[in-house]
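Undergrad: One predicted model, sequence on top.
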Amino acid sequence: MTYQDPYRLSTTPPHTPAEGPDAVSSGDVLRTLLWAVVVVSVVANTVASVAGAGTLVHLACGVVTVLAAGALVLRGLGRRR
């Protein structure tokens, strides 16, 4: 059964999930999560510096930051090709 609105020319429902310009793709979700990981790891590294944490904590935060940032760069370069 189709939806008919007297004010629209289309017979499709006004809101169809996962279609159209407002749909969120899995790539958008991944990019957002990677940015969140970068921000959290940078903040963790800053807090570790203020708290006087050991070198191992700084290295772990740095590795996480570099891996997430690298993934963002690779995804960005891959989209250009």
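TA: Alright, I've got the coordinates.

Undergrad: buried sites along the helix or strand where Cys61 lies?
TA: Assigned by DSSP states H and E, Cys61 belongs to helix 55-80. Across helix 55-80, burial judged by 16 or more other CB atoms under 10 Å covers 57, 60-61, 64-65, 68-69, 71-72. Backbone N, C-alpha and C define where each C-beta goes, glycine included.

Undergrad: Please convert the residues you listed to CSV, extending it with pLDDT.
TA: Converted to CSV, the buried residues of helix 55-80 look like this (pLDDT from 0 to 100):
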residue, pLDDT
Val57, 94
Ala60, 96
Cys61, 95
Val64, 96
Thr65, 96
Ala68, 97
Ala69, 96
Ala71, 96
Leu72, 95
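
Undergrad: The strand or helix carrying Val39 - what's its average pLDDT?
TA: Using DSSP H and E, Val39 falls within helix 26-51. For helix 26-51, mean pLDDT is 93.

Undergrad: Specify the angle between that helix and helix 55-80 in degrees.
TA: Counting by axes from the mean of the first three to the mean of the last three CA atoms, to 10 degrees, helix 26-51 lies at 160 degrees to helix 55-80.

Undergrad: For helix 26-51, buried residues please.
TA: 34, 37-38, 41-42, 44-45, 48.
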